[in-house]
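here are the coordinates; sequence isn't available:
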């Protein structure tokens, strides 16, 4: 009896999990499917699920019309650069908060996180003006800096949580063994925190890759990246869903592949500290 | 060299003073044990000597030089932690080499010292393993190896054996004692276990609530404890304290008599009582006796052959030469 109940429950749970998973994945799946349709089939009513004439035409048009590789390259540089810069700044910051906390450390952490609540558009104007003055509009450097700043609270928080789990005595042992602060962080803390640092980096690459608001507002042609590339298919000459979908698929494919191969790291990173 | 001097050292956490002004001198080559109940400030004191904890006021000097504000790395001391604190991502060899690597020591010399330490500590076969693949005792050996190789002016041990099982603890205790005989380096050892203190120390420092109660050799403390706290803390089983008329007869507020200084008999003696529990250890029998006026229960050590059971009437005679007298404040009176 007990066995049949658990068996039934197992089936229900599995079905529910699949249903939720598909529900979440559906928009991406639909985008990918649409990218292989003709424009007419893309807007057909009722929608066609699989029974359409599969075509690669959209991809050809997109490749012809835009320089995909340049957008891709900009995305790689900006996502990678902002994450790298952020990590270099965040490791010492998280170290100091985790191992030599002051009375205000918790407040500072919360304040940092609170900046994420601020609508980005609220600071668009000042940042835009600053970049004009500095001559940095539509440059990769500008976007690297802005995205780094935007994601810095998350990087610091994730690293902080990881570092908190490292026993302080090990760092004290390093100090007793004659390690300077730099050597302590470099030879003891960082290697022990590598799994944490890796998932932090992964998550931030993804966040930076998908960022659109600042990309659209601060770049035009030179530093535009994949999120701008998608947007360029959404409005000017009316909506071309199939081509838009093809562009979207091409934009998300690299990060989707990266995410797929690193999902284990990602999940452990995101749930770290939740279960002891 | 490794003479360490504490001068009017204090430590406060916020408004709570955990160590009131304290003076202590640890001579070069001495094995000093800080002992006391948990929370007595012994670990804090050790960490202050190590430099891991700042002093609130006072001064620490090592070999005559002021080290109060010297960072831990520059004090020339080595520490062995309760949790071993090994570097989990490094092999045993790299763990032991770490302090030498930080000191930028010649590679050949490093290897020579690693080999020497490993063979002394029976770690030769484990040099390429990670700490995670070792047993508790082996990990503690690695921690000791890491401390030895840099030839520090003093070793600091923070309850190094607490995480080991009883049998291993006795073995490691001997190894550390032998290491001290061999190296003749100053060692400061923190423990809450008075047996470790008695067996290892040249000098015991008994602490309670951050205050030094008594400093002396193990036998000094055993034979002439300066107050009731030290009398009760040193020695196992604990000293019996007798108050009331019996104590007044000896001109004291309280008299103390160790379980091994009381003769037990089934026929005659000074005091009488009934057996509560008899613990047979084989070599000895510890008898807990109820009904002795001014002391309940009284613990007595008898020989292993002495058999009594619950409820038996027994007679007790204390050894008058080993009676300790204390006044109302708990201080020893001669």
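Right, received. Where do you want to start? These figures come from a predicted structure and were not determined experimentally.

which residues of chain A lie near chain B?
Contacts of chain A with chain B, taken as Cβ under 8 Å from any Cβ of the partner chain, map to A:167, A:169-170, A:172-180, A:183, A:187-188, A:191-192, A:194. In this view, the C-beta of every residue, glycine as well, is placed from N, C-alpha and C.

now the buried members of those residues.
For the residues of chain A next to chain B, a burial check counting by 16 or more other Cβ atoms under 10 Å in any protein chain shown picks out A:169-170, A:172-179, A:183, A:187-188, A:192.

of those, which belong to helices?
In this view, those that belong to helices under DSSP state H are A:169, A:170, A:172, A:173, A:174, A:175, A:176, A:183, A:192.

tell me the least confident of those residues?
When these are compared by pLDDT, residue A:192 scores lowest at 87.

I figured that residue hits residue A:167, correct?
No - using Cβ atoms under 8 Å, residue A:192 is not in contact with residue A:167; the gap is 9.4 Å.

which residue does the stretch 1-150 of chain A have closest to chain B?
residue A:103 (10.1 Å; Cβ to the nearest Cβ).

what does the stretch 1-150 of chain B put close to chain A?
So the stretch 1-150 of chain B meets chain A at B:50-52, B:71-74, B:77-79, B:81-83, B:85-89, B:98-99, B:102-103, B:146, B:150 (Cβ under 8 Å from any Cβ).

hmm, try it at 7 Å
Proximity of the stretch 1-150 of chain B to chain A (Cβ under 7 Å from any Cβ of the partner chain) is limited to residues B:50, B:52, B:72-73, B:77-79, B:81, B:83, B:85, B:87-89, B:98-99, B:102-103, B:146.

just the buried ones from the residues you listed?
B:50, B:52, B:72-73, B:77-79, B:81, B:83, B:85, B:87, B:89, B:98-99, B:102, B:146.

widest-spaced pair of the residues you listed?
Put simply, by Cβ to Cβ the two of these set farthest apart are B:77 and B:89, 24.5 Å from each other.

tell me the one of the buried ones among the residues of the stretch 1-150 of chain B next to chain A nearest residue A:10?
Nearest member of those to residue A:10, counting by Cβ to Cβ, is residue B:89, at 39.3 Å.

quick one: the closest one and residue A:192 touch, right?
Yes - contact between residue B:89 and residue A:192 holds when scored by Cβ atoms under 7 Å: they sit 5.7 Å apart.

quick check: the closest residue to chain A within the stretch 101-250 of chain B vs residue B:13, distance?
Closest residue of the stretch 101-250 of chain B to chain A, Cβ to the nearest Cβ: residue B:102 (4.0 Å). Going from residue B:102 to residue B:13 by Cβ to Cβ, to the nearest Å gives 30 Å.

that older thread, give me the pLDDT for the residue of the stretch 101-250 of chain B closest to chain A.
pLDDT at residue B:102 comes out at 93.

what sits against the closest residue to it other than its chain neighbours?
Using Cβ to Cβ, 6 or more residues apart in numbering or on different chains and skipping the chain neighbours, the partner closest in space to residue B:102 is residue A:178 (4.0 Å). If a contact means Cβ atoms under 7 Å, 6 or more residues apart in numbering or on different chains, then residue A:178 has B:73, B:99, B:102, B:103 as its contacts.

now render the ones in helices among the buried ones among the residues of chain A next to chain B as CSV, adding distance to residue B:292.
Output for these, formatted as CSV (distance: Cβ to Cβ, whole Å):
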residue, distance to residue B:292
A:169, 47
A:170, 52
A:172, 49
A:173, 50
A:174, 55
A:175, 54
A:176, 50
A:183, 63
A:192, 58
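
nearest to residue A:107, of the residues you listed?
Nearest to residue A:107 among those, with distances taken as Cβ to Cβ, is residue A:172, at 25.9 Å.

element containing the closest residue to the closest one other than its chain neighbours, please.
Of all residues not flanking residue A:172 in the chain, residue B:52 sits nearest, at 5.2 Å (Cβ to Cβ, 6+ apart). For residue B:52, there is no enclosing helix or strand under DSSP states H and E.

how about residue A:260?
Applying DSSP H and E, one finds residue A:260 within helix A:241-261.

so how far is that helix off the chain centroid?
Put simply, helix A:241-261 sits 14 Å off its chain's centre (Cα atoms, centre = their mean, to the nearest Å).

so which bits of it are buried?
Buried residues in helix A:241-261 (16+ other Cβ under 10 Å): A:241-252, A:255, A:259.

what's opposite residue B:325 in the beta bridge?
Beta-bridge pairing for residue B:325 (DSSP bridges): residue B:255, residue B:333.

for the closest residue to residue B:224 other than its chain neighbours, give me its contacts.
Among residues not flanking residue B:224 along the chain, residue B:332 sits closest, at 7.1 Å (Cβ to Cβ, 6+ apart). If a contact means Cβ under 7 Å, 6+ apart, then residue B:332 has B:225, B:226, B:227, B:324, B:326 as its contacts.
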